[in-house]
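S.K.: curious how this folds, go ahead:
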Amino acid sequence: MSQSSSSAAKNEVISANLLRFIGYGFLVFALLNFGEALLPPKFAQDPSWEFQAVAKVAGTSAIPILGFGLVFYGEAKMRSPLGRTFVGVLSWLALATGILYVILMVIGISATFRINNDLRTQAERVRSRQSQGVERARNELKNRSDAELLQLLTQISQTAPNLKPDATNPRQQIEQLIEGRGAEVERTIVEQENSSFRSLLKQSLKINLESLISGILLMGIWRFTGWARVGAKKKKRRSQRPAYPGSIVSEETVMSAINVPHIEERDPESEEDES
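M.R.: Below you'll find the model as predicted:
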């Protein structure tokens, strides 16, 4: 019976150490992911970089969460004194990591608005170039004769079989072509703008929710690992406690405290002389 219980306890120690070892490995992976995503930093400079950095960190948030969870497995049981101190530090590190994820969520939301503004600015630039092109085409129409415009329509009809040149009024027909082309480009710009906004909003919701949930989970890990911080505080207080002066006493003090009479040793020869 004792052998089976000792064997079970030994297996439990091995399993706990294995899970904690894997947890430390996950934390190292998380550190590498953080470094790869956030270095070199370009915060407040490039919203696209900020968005991608938050996406990378949020997309791998399960790694540090699993790492902390495995490291804290078994609480303070079967840990060395150094291990108990280290898990206290890791508990505070879990809180700091959770706060970092919340900060990254705020950065992700800010980057989303800035990227959307950049997309709108690009769309406005395309519209401006398109309107300028339409205006130039209209000005060229004024400087061309009907015969030249009819020849131009004939050339266009070779690449557009559905187009039939109107010899009676080629100028009006070309103006209609220009207006139609401008409206088509405008529809394309609007569609691309709406598609980009939907894609950006979808990605933003995903990564920001991941950051928020990760932050809450990591803060929860800090909340439920108070035993690690309490153990570290007790050890620190114990190491800082001064030695009590009365803890070192002489033999005479102890004997007097328990009221044991002191027996003097007498020389046998002196006793014989007295007799």
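
S.K.: which of the three states applies to Lys42?
M.R.: Of the three states, Lys42 takes coil according to DSSP: H, G, I helix; E, B strand; the rest coil.

S.K.: what helix or strand does the closest residue to it other than its chain neighbours sit in?
M.R.: Leaving aside its chain neighbours, Lys42 sits nearest to Trp49 (4.5 Å; criterion: C-beta to C-beta, 6 or more residues apart in numbering). Heads up, the C-betas are built off the backbone N, CA and C, glycines and all. Secondary structure assignment for Trp49, by DSSP states H and E: helix 47-59.

S.K.: quick check: next helix or strand after that helix?
M.R.: helix 62-71.

S.K.: what packs against the helix or strand harbouring Glu140?
M.R.: Following DSSP H and E, one finds Glu140 within helix 81-142. On a contact count with 3 or more C-beta pairs under 8 Å, 6 or more residues apart in numbering; DSSP states H and E, helix 81-142 meets helix 47-59, helix 62-71, helix 170-224, helix 226-240.

S.K.: before we move on, the earlier item: check which residues of the helix holding Trp49 are buried.
M.R.: For helix 47-59, burial by neighbour count (16 or more other C-beta atoms under 10 Å) applies to 47, 49-55, 57-58.

S.K.: let me see the contact set for Asp118.
M.R.: For Asp118, the contact set (C-beta atoms under 8 Å, 6 or more residues apart in numbering) comprises Pro47.

S.K.: same question, Glu186
M.R.: Going by C-beta under 8 Å, 6+ apart, Glu186 touches 127, 130.

S.K.: just the pLDDT at it, thanks.
M.R.: Looking at Glu186, its pLDDT stands at 88.

S.K.: how about Ser214?
M.R.: 97.

S.K.: skipping adjacent residues, who's closest to it in space?
M.R.: Sequence neighbours aside, Ser61 is the residue nearest to Ser214 in space, at 3.7 Å (criterion: C-beta to C-beta, 6+ apart).

S.K.: count of neighbours near Gly74?
M.R.: Residues near Gly74, counting by other C-beta atoms under 10 Å, number 16.

S.K.: I meant Ile207, not that one.
M.R.: 26.

S.K.: and the gap between it and Ala76?
M.R.: Ile207 sits 36 Å away from Ala76, going by C-beta to C-beta, to the nearest Å.

S.K.: same question, Arg127
M.R.: 66 Å.

S.K.: go on, Leu90?
M.R.: From Leu90 over to Ala76 (counting by C-beta to C-beta), the distance is 13 Å.

S.K.: got it, and Gln203?
M.R.: Distance from Gln203 to Ala76, by C-beta to C-beta: 42 Å.

S.K.: for Arg84, same thing?
M.R.: 6 Å.

S.K.: of the two, which one has the most company?
M.R.: Legend: neighbour count by other C-beta under 10 Å for Arg84 and Ala76, higher for Arg84 (17 against 14).

S.K.: so for that one, what's the pLDDT?
M.R.: Arg84 is given a pLDDT of 87.

S.K.: that one reaches Glu75, doesn't it?
M.R.: No. In this structure, Arg84 is not within contact of Glu75 by C-beta atoms under 8 Å, at 9.8 Å.

S.K.: what touches both of these two?
M.R.: Ala228.

S.K.: where does the stretch 51-200 of the chain dip in pLDDT?
M.R.: For the stretch 51-200 of the chain, the stretches with pLDDT under 70 are 161.
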